[in-house]
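Engineer: Quick one, structure for this:
(one chain, ligands or ions: 1)
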Amino acid sequence: MKISPIILKLDVRGFPQSWITWQEAVGLYVRDRVAWQIGNQDFRVHGGYSRITLCHSEVEINSIIAVKGKCTIHTGYKVVPGLNNAELFRRDRHMCLYCGQIYKDKLLTRDHVIPRSLGGIDRWSNVVTACRRCNVAKGGRTPEQANMKLLAIPFTPNRAEFLALKNRKIFADQMDFLKKQFNHTQMMDFS
Ligand SMILES: [Zn+2]
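Structural biologist: The predicted structure follows:
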């Protein structure tokens with residue numbers, strides 16, 4: 001296989017869970033854990049190793065698979081995804097939300113809208129992408145105090161949005177599936 005597809009794993013109800021490697025997907029097929037599949041693409045892979053028959057087999061894995069049994073993300077969309085700069089910058093499309101300029105990751109910072117020194121919390125709804133200059137200019141003040149208007153309201157991505165932010169090699173069918181479960185369609189309009 002020339003490419004190494006990343007597979008979108010769902011729970012049996014269709015809630016997105018995580019990205020898994022094709023090797024992990026093979027394991028799920030071999031252990032008969034795949035309940036259904038809904039992607040447009042199948043990848044034929046060799047080397048699915050059966051511990052029962054002790055031989056290598058050929059397995060077809062789908063780009064989107066739903067897995068039987070208990071899911072790891074129990075409450076679907078209520079789980080707040082972990083905050084990190086890579087996904088934060090992608091959420092804000094690498095744009096400083098104060099001056100509106102687009103920057104490379106290394107020139108961007110995480111700005112706390114309500115500064116931590118004023119009790120602001122380190123969570124999605126209180127952080128935005130800011131260039132270094134704007135972050136320094138704002139200092140330990142709120143946007144109102146600094147007279148710096150925010151260009152967008154920071155939002156907490158739901159699971160589908162977070163997974164879309166996390167994977168830069170999403171297949172079109174996976175993106176289409178995730179998009180149906182976006183809450184912030186306009187802001188998440190990247191490809
Ligand atoms: Zn800026």
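
Engineer: When you work out contacts or count neighbours from here on, use the C-alpha atoms and nothing else.
Structural biologist: Noted.

Engineer: Alongside the ion, which residues does this protein contribute?
Structural biologist: By the rule CA under 5 Å from the ion, the part of the chain lying against the ion is 96, 99, 131, 134.

Engineer: Pass me the low-pLDDT residue ranges in this structure, would you?
Structural biologist: 1-2, 47-56, 71-79, 186-191 (pLDDT under 70).

Engineer: what's the helix or strand for the residue most central in space within it?
Structural biologist: Closest residue to the average C-alpha location of the chain: L163 at 2.3 Å, with CA atoms, centre = their mean. L163 belongs to helix 159-166 when assigned by DSSP states H and E.

Engineer: just checking, what packs against the following helix or strand past that helix?
Structural biologist: Later in the chain than helix 159-166, the nearest helix or strand by DSSP H and E is helix 172-179. Contact here means 3 or more CA pairs under 8 Å, 6 or more residues apart in numbering; DSSP states H and E; on that basis helix 172-179 packs against helix 159-166.

Engineer: the inter-axis angle of the helix it packs on versus helix 172-179?
Structural biologist: Compare the direction of helix 159-166 with that of helix 172-179 by axes from the mean of the first three to the mean of the last three CA atoms, to 10 degrees and you get 140 degrees.
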